[in-house]
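Trainee: Give me the fold of what follows.
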Amino acid sequence: MKKQIPNLLTFARMLCALALLLFRPLSVWFFVFYLLACLSDLADGFFARRFHAESNLGARLDSAADFFLCVVLLILFLPYYRWPLWVILWIAGIGLVRVAAALTCFVRFRTFAFLHTYSNKATGILLVLFPVLLWLMGRTRPGFFCA
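Mentor: Numbers count the residues shown, from 1 in each chain. From the prediction side, this is the model:
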């Protein structure tokens, strides 16, 4: 049973991502489920290593859960605000780094996966911080970037 904990945490991240769709971005409940999703992302890898439960399935589930959370965040945030060009370029840049990492993995290993490179980890940190930075900036209403 211990060896299943990492995959269960990864599935929990997917459920938290789905739950985000029920709440207004940057609301209290949004941040509750967002924090749970982020913590499960940290915990699944930790427990996989601790319990010697690393597996190809777990790595693929983790990548799928990360991708799923990204898609949910895009669904939530893109239509909610009118974004300036620099934010759209930021999002596109993160997406390009992720796609480049996946294509590199496919070319080198003939399988689709997201390598845990420093650039991928950096984009993950930027993604995690984005809603928090919006909240810290007091940007909680639609259209806040408009002049």
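Trainee: pull the longest helix from the protein.
Mentor: When the chain is parsed with DSSP state H, its longest helix is helix 85-109.
Trainee: now for it, which elements pack on it?
Mentor: Where contact means 3 or more Cβ pairs under 8 Å, 6 or more residues apart in numbering; DSSP states H and E, helix 85-109 is packed against helix 118-136. Yep, even glycine has a C-beta here, placed from its N, CA and C like the rest.
Trainee: Report all helices and strands that the helix it packs on contacts.
Mentor: On the basis of 3+ Cβ pairs under 8 Å, 6+ apart, helix 118-136 makes packing contacts with helix 28-50, helix 56-77, helix 85-109.
Trainee: could you redo the last one with a cut-off of 6 Å?
Mentor: helix 85-109 (3 or more Cβ pairs under 6 Å, 6 or more residues apart in numbering; DSSP states H and E).
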